[in-house]
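> I'd like to go over a predicted model; first the sequence, then the structure.
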2 protein chains.
Amino acid sequence: MIKTMEQVTTIADIRIHIKEAKREGKRIGFVPTMGFLHEGHLSLVKAAREMCDLVVMSIFVNPLQFGPNEDFERYPRSIERDSEMASSAGVDLLFTPDVNEMYPRPILTNVSVANVTAPLCGASRPGHFDGVATVVTKLFQIVQPDYAFFGQKDAQQVAVITQMVADLSMPIEIVPCPIVREADGLAMSSRNVYLSQEERTQALVLSESLQQAKKWLEEGMALGEIKDSVIQKISERPLASIDYVEVLRFPDLEPVTQEKTGQSIMIALAVYFGKTRLIDNLITEIR
Amino acid sequence: MIKTMEQVTTIADIRIHIKEAKREGKRIGFVPTMGFLHEGHLSLVKAAREMCDLVVMSIFVNPLQFGPNEDFERYPRSIERDSEMASSAGVDLLFTPDVNEMYPRPILTNVSVANVTAPLCGASRPGHFDGVATVVTKLFQIVQPDYAFFGQKDAQQVAVITQMVADLSMPIEIVPCPIVREADGLAMSSRNVYLSQEERTQALVLSESLQQAKKWLEEGMALGEIKDSVIQKISERPLASIDYVEVLRFPDLEPVTQEKTGQSIMIALAVYFGKTRLIDNLITEIR
């Protein structure tokens, strides 16, 4: 029997599938996405495939997590291509609601997470993580997964969701998956499609400077100096405009007050190329 | 076989019971309480008993929903008596976590609901409904009920939870249950125990003025005049100090802009007797 992927667009319809899977005792794995799929998303599906009996993917460009001057309208969308990729990758159930299905009336409920949302993208994009926490909570209520899979490229998002799941005792295990990169090192992102050829070339400075930072760390360079050197290195690219370069304690994203051996840290970058904002990060420890 | 009630104090333990009930396809009914049970709570258990296969009650005095100068510390507690009452009423599973079990670390996640939380108790008790929405979300994640039962005495709470469940697509049906009153009309409340004999007598003005308001409404009195008359009536009791008297559209708790026949409205009262704050309400429609 060839198993075919089911695609549903309404909450009522997906509930029917979920109920049946629960009744059959299936372990449900969930991969929430905003679509325009790439190898990063497919690696999440692969991880879900290995751990679960039913793999559910959602594709929903969530307006709540975009600021008023951000790229909600022009965010790349390609449901047909996504659907084929999801099916090939082993998704069992694809949930593709439109905005009206998810928010038939203005949503009055907001889920917010303090502390871990304060630095980095939380500081640059006010309200972003409220939008993420709220939609992920809603999707979790709809899909009721046993496991949910998130990419470490959005490491702060993983930290926010992990905190939220623990705080609210959601019966879900969050599985963070490694960043997937292009052959030349650029972290995969749906937003890479925005880049001009010249921007694409200069954007390599993100992964390159993270690799360089790791070497500097191994050589014993102090964190403050590493941060300054990364800023210097990125600034040499004329099309790059730095949003932030930060070195924080991981996973609580607090400032590093003491440089102790074995302390997990994250070096996180957000850099604009034109209107395109790219992020990348490296999680490592102090030697 | 005599069915005995199970009592558990940890999230890990209740999850075992819930998992088993889910596997057996049982419909789970949930009655969240702060304990010091009275007939109002037991009416919720009765409703749950009729609709569900497994009735779960929680008893947890939730610090998040008390303001800094409110009665969290002195809120009446009596777990042993509660446990006997719950068992007699037909509760199958009693969940009595302590604060450390529910909030082992300071909780960083907050669930808030806009609009319906703005007037009435939301205005008088800043942060109260954030605390309610957050703990109810957490309890819902733990108990995973099919139905949850709430008393209409806390009508605004019912409105907040109903809004939250709809907004976040929680797979739960909220069942509001009628206010249960003492023989003389006083709405049952765990806080009634705070009242001195004289306060208890004068507190009858709440239910009496609501009944009077209903008559006035039937006689065609305008809502503004009804509100003023209720304030007048309560003010005649020397020990009464009004927090609010409001007439609002129901269930969205917006101001009544047009007095249309058939329009559902709520007349809601909060009145202090000494340090004890009592609430009561009447939901009816404009004739």
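Cool, the structure landed. Numbering: from 1, shown residues only, chains lettered A, B, ... in the order given.
> Across the sheet, point out what pairs with whichever residue of the stretch 1-150 of chain A sits closest to chain B.
Per C-beta to the nearest C-beta, residue A:109 is where the stretch 1-150 of chain A lies closest to chain B, at 3.8 Å. Quick note: C-beta positions are derived from backbone N, CA and C, even for glycine. Judged by DSSP bridges, the bridge partners of residue A:109 are residue B:113.
> and it, how many residues sit next to it?
Counted by other C-beta atoms under 10 Å in any protein chain shown, the residues lying close to residue A:109 total 21.
> from memory it sits against residue B:170, does it?
No. The criterion here is C-beta atoms under 8 Å, and residue A:109 misses it with residue B:170 at 10.0 Å.
> Return every residue with contacts to both of those two.
residue B:164 (C-beta atoms under 8 Å, 6 or more residues apart in numbering or on different chains).
> Check the residue of the stretch 1-150 of chain A closest to chain B and give its pLDDT.
Here, the pLDDT recorded for residue A:109 equals 98.
> residue contacts, it?
Residue A:109 neighbours (C-beta under 8 Å, 6+ apart): A:134, B:111-114, B:133, B:163-164, B:167-168.
> swap in residue A:165?
A:172, A:174.
> Give me the buried stretch members for the helix or strand in which it is found, please.
Using DSSP states H and E, residue A:165 sits within helix A:155-167. Across helix A:155-167, burial judged by 16 or more other C-beta atoms under 10 Å in any protein chain shown covers A:155-165, A:167.
> so which of those comes closest to chain B?
Of the buried residues of helix A:155-167, the one sitting nearest to chain B (C-beta to the nearest C-beta) turns out to be residue A:167, at 3.8 Å.
> now the closest residue to that closest one other than its chain neighbours: how far from residue A:271?
The shortest distance from residue A:167 to any non-neighbouring residue, by C-beta to C-beta, 6 or more residues apart in numbering or on different chains, is to residue B:109 (3.8 Å). The gap separating residue B:109 from residue A:271 is 30 Å, by C-beta to C-beta, to the nearest Å.
> Please apply the same query to residue A:114.
Residue A:114 is 27 Å from residue A:271, by C-beta to C-beta.
> got any ranges where chain A has weak pLDDT?
Judged by pLDDT under 70, chain A has its weakly predicted residues at A:1-2.
> what does it have sitting close to chain B?
A:11, A:15, A:22-23, A:25, A:107-116, A:133-134, A:137-138, A:141-142, A:144, A:163-164, A:167-171 (C-beta under 8 Å from any C-beta of the partner chain).
> how does chain A divide into domains?
A:6-177, A:190-285 (automatic domain parsing).
> Kindly reformat those as TSV and extend each row with distance to residue B:223.
Formatted as TSV, the domains of chain A follow (distance: least, C-beta to C-beta, whole Å):
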stretch	distance to residue B:223
domain A:6-177	25
domain A:190-285	51
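> and stretch A:208-218, how far out from the chain's middle?
In terms of C-alpha atoms, centre = their mean, to the nearest Å, the centre of stretch A:208-218 is found 23 Å from the chain centre.
> which residues touch residue A:226?
By C-beta under 8 Å, 6+ apart, the neighbours of residue A:226 are A:213, A:216-217, A:247, A:267.
> From those residues, which land in strands?
A:247, A:267 (DSSP state E).
> Widest-spaced pair of the contacts of residue A:226?
A:216 and A:247 (11.0 Å; C-beta to C-beta).
> the more surrounded of the two?
The neighbour comparison of residue A:216 against residue A:247 (other C-beta under 10 Å) goes to residue A:247, with 21 against 18.
> And the helices in chain A?
A:11-23, A:39-51, A:79-89, A:99-102, A:120-124, A:128-143, A:155-167, A:197-202, A:204-218, A:223-235 (DSSP state H).
> Dump these into JSON lines; add distance to residue B:232 as well.
JSON lines is the format used below for the helices of chain A (distance: least, C-beta to C-beta, whole Å):
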{"stretch": "helix A:11-23", "distance to residue B:232": "49"}
{"stretch": "helix A:39-51", "distance to residue B:232": "64"}
{"stretch": "helix A:79-89", "distance to residue B:232": "62"}
{"stretch": "helix A:99-102", "distance to residue B:232": "48"}
{"stretch": "helix A:120-124", "distance to residue B:232": "51"}
{"stretch": "helix A:128-143", "distance to residue B:232": "44"}
{"stretch": "helix A:155-167", "distance to residue B:232": "46"}
{"stretch": "helix A:197-202", "distance to residue B:232": "72"}
{"stretch": "helix A:204-218", "distance to residue B:232": "70"}
{"stretch": "helix A:223-235", "distance to residue B:232": "67"}
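> For residue B:176, find the nearest of these.
Closest among these, once you apply C-beta to C-beta, is helix A:128-143, at 20.4 Å.
> which helices and strands does that closest one pack with?
helix A:11-23, strand A:28-33, strand A:54-59, strand A:109-113, helix A:120-124, helix A:155-167 (3 or more C-beta pairs under 8 Å, 6 or more residues apart in numbering or on different chains; DSSP states H and E).
> How about residues contacting the second one?
Strand A:28-33 is touched from outside by A:18, A:21-22, A:41, A:44-45, A:47-49, A:51-60, A:91, A:135-136, A:139-140, A:143-150, with contacts defined as C-beta under 8 Å, 6+ apart.
> now the angle from that strand to helix A:39-51?
170 degrees (axes from the mean of the first three to the mean of the last three C-alpha atoms, to 10 degrees).
> Show me what strand A:28-33 pairs with in its sheet, parallel or antiparallel.
According to DSSP bridges, strand A:28-33 has these partners: strand A:54-59 (parallel), strand A:147-151 (parallel).
> Which stretch among those is buried most, on average?
Sort the strands paired with strand A:28-33 by mean neighbour count, taking mean count of other C-beta atoms under 10 Å in any protein chain shown, and strand A:54-59 sits at the top with a mean of 26.
> what angle sits between that strand and helix A:79-89?
Using the same axes, to 10 degrees: strand A:54-59 against helix A:79-89 is 160 degrees.
> Figure out how far strand A:54-59 is from the centre of its chain.
Distance, centroid of strand A:54-59 to centroid of chain: 15 Å (C-alpha atoms, centre = their mean).
> now swap in stretch A:183-190 and tell me
Worked out by C-alpha atoms, centre = their mean, stretch A:183-190 lies 14 Å from the chain centre.
> now do stretch A:117-133
With C-alpha atoms, centre = their mean, you get 13 Å for stretch A:117-133.
> Next, the buried residues of it.
A:117, A:119-122, A:125, A:127-133.
> among those, which two are most distant?
Applying C-beta to C-beta across the buried residues of stretch A:117-133, the maximum distance is between A:119 and A:131, 17.4 Å.
> residues touching residue A:85, list them.
Counted by C-beta under 8 Å, 6+ apart, residue A:85 has contacts A:37, A:42.
> and what of residue A:278?
Residues near residue A:278 by C-beta under 8 Å, 6+ apart: A:187, A:189, A:191-192, A:203, A:206, A:270-272.
> how does it look with 7 Å?
By C-beta atoms under 7 Å, 6 or more residues apart in numbering or on different chains, the contact set of residue A:278 is A:189, A:191, A:203, A:206, A:271.
> Can you tell me which of those is nearest residue B:286?
Nearest to residue B:286 among the contacts of residue A:278, with distances taken as C-beta to C-beta, is residue A:191, at 53.5 Å.
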